[in-house]
Structure formats: C-alpha cells, structure tokens
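> generate a structure from the sequence data that follows.
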Amino acid sequence: MSETTKRKNDPEGLKKRILAGALKTFAEFGMQGARLEQIAEHAQTTKRMVVYHFVNKEKLYIEVLEQVYQAIRQHETGLNLAAMAPEEAMIKLVEASFDYHVSHPDFMRLVCTENLLRGRYITQSERIKALNKSALDLLEDILSRGQQQGVFITDINTIDVHRLISSICVHHVSNRYTFNALFSPDNTEEESIRRNRQLAVTATLRYIRKAP
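Sure thing, here's the model as predicted:
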C-alpha cells in the first residue's frame, strides 16, 4: 500500500497532522496572519481537506487552543503530586511548569497571540474552561495539605499562587530576547534557565510558607 493511500485511509492521522501544522503556523504568524494554505502544506494535504475537517480557520484555531491547554494540563496531572509531601509537590509542580514552558515555545506564542486578540477565541471554548479547572484543583490540593500540616500560610488564594508561578514561567519565554538583551546580555541560555527556574521555586515557596 502506498503512503498516499495510507493517508487517505487514516482521517484521524490527517487531523493530527493538520492540528500540528496549524500550531506551528499560528505560533509563527498569529491567528490573523496564518493562511490555510500554509497549514495544509505543513500537514502535507490540501486546503480543501483542512476545510473538510475543521470548517474554517477560526474553528481550527480554537481547536488548536484546546489541544495545547489539554496537553499542559495532562502533563501536570501526570506528575503524581498527591503522593508527595506538600512542599515537595509544590517544588515539583513549579519546576515541571517552568520546564514545560521552556520546551514548548509554540504554546507560549499561541497564548501571546490570543492575548493580543484580547481573548476573543478562548472565551468561546467551554472545553478550555473545564480543562483548566484541573490546574487550580491540583494547586488547591497541595495548598490544603500544606495548611493542614502547618507548613503553608492559611490566608492565601489559589489563583494568586497560580498567577505567581505562571508569571515567571511565561515571562522567561515571552520576554527572553528583550530582557536578556537589556539586562543580562552575557548570560548563556542555560544560565538564564537555571536562574529563572530557581527564582520561580524560591518566590513561590517564600510566598506560601509559614514563618518559623
């Protein structure tokens, strides 16, 4: 059986290739600058097949948003944090979140694109809202266990902790070129990753720890 025939008989495989191609294209050119022809070329298919599976660029973009948020949430839930002591679990979560952002720059570019669009498309997806509930649930469990054990402060908001972690992880990726050029031009990429990864852990623990 030829490769072309295999692809014709594998609609799910084609959809995955289209989504992967769409992620690369949206991350590079933004929602408004991306063209379906470019996405089709990445997926080694035709614009007609892209439209057949996803109707239009807007619907495809929303599905890509759903896919990238599902991926990061699955990554978090796979860390088995409930089996760890609260402080150990928090360190693991922060480090894993930082590493994920570093290793998935297209995810960050897509988030930046959606913010430039003022959240026009993410607000249309009930699935994304449901998916992201797991991020707060994981964090809430760690904080609650730490509070019960007397190691974390009680006057704390889960969303604030999530915002703190996210802010450092996102800033490292989204502002890496401007920040490094202005403030740390002599740092290697490895040094910047090491310092900012540790900063994320230290800042989070200092924010939530109960004073001795």
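
> and the helices in the protein?
Under the criterion DSSP state H, the chain contains helices at 3-8, 11-33, 36-42, 47-54, 57-77, 86-103, 105-116, 126-148, 158-174, 176-183, 189-208.

> now render those as a markdown table, adding mean neighbour count and mean pLDDT.
Every residue, glycine included, has its C-beta placed from N, CA and C. Written out in a markdown table, the entries for these read as follows (neighbours: other Cβ atoms under 10 Å; pLDDT from 0 to 100):
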| stretch | mean neighbour count | mean pLDDT |
| --- | --- | --- |
| helix 3-8 | 10 | 50 |
| helix 11-33 | 18 | 95 |
| helix 36-42 | 18 | 96 |
| helix 47-54 | 16 | 96 |
| helix 57-77 | 18 | 96 |
| helix 86-103 | 19 | 98 |
| helix 105-116 | 18 | 94 |
| helix 126-148 | 16 | 95 |
| helix 158-174 | 17 | 96 |
| helix 176-183 | 11 | 90 |
| helix 189-208 | 15 | 96 |
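
> what count of nearby residues applies to the closest residue to Ile208 other than its chain neighbours?
Distances taken as Cβ to Cβ, 6 or more residues apart in numbering place Phe152 nearest to Ile208, at 4.8 Å, with adjacent residues excluded. Look at Phe152: counted by other Cβ atoms under 10 Å, it has 22 neighbours.

> Phe152: what's it in contact with?
Applying Cβ atoms under 8 Å, 6 or more residues apart in numbering, we find Phe152 in contact with 86, 143, 146, 208-210.

> what's the offset of stretch 78-98 from the middle of its chain?
Centroid separation between stretch 78-98 and its chain, computed with Cα atoms, centre = their mean, to the nearest Å, is 17 Å.

> can you give me the domain assignment for this structure?
1-55, 66-208 (automatic domain parsing).

> gap between the shortest one and the chain center?
Averaged C-alpha coordinates place domain 1-55 at 21 Å from its chain's average position (Cα atoms, centre = their mean).

> same question for stretch 55-74.
11 Å.

> name the residues that touch that stretch?
Residues external to stretch 55-74 that are found in contact with it (Cβ under 8 Å, 6+ apart): 18-19, 22-23, 26, 31, 34, 36, 39, 50, 54, 100, 104, 106-107, 110, 114, 121-122, 124-125, 127-128, 131-132, 134-135.

> can you pull the contacts of Asn175?
With contact set as Cβ under 8 Å, 6+ apart, Asn175 has no partners.

> for Gly21, which non-adjacent residue is spatially closest?
Gly21 sits nearest to His42 (Cβ to Cβ, 6+ apart), 2.9 Å away.

> what sits against the one you found?
17, 20-22, 24-25.

> follow-up on the earlier one: will you turn the contacts of Phe152 into CSV that also has distance to His75?
Below are the contacts of Phe152 laid out as CSV (distance: Cβ to Cβ, whole Å):
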residue, distance to His75
Pro86, 20
Leu143, 20
Gly146, 22
Ile208, 22
Arg209, 25
Lys210, 29
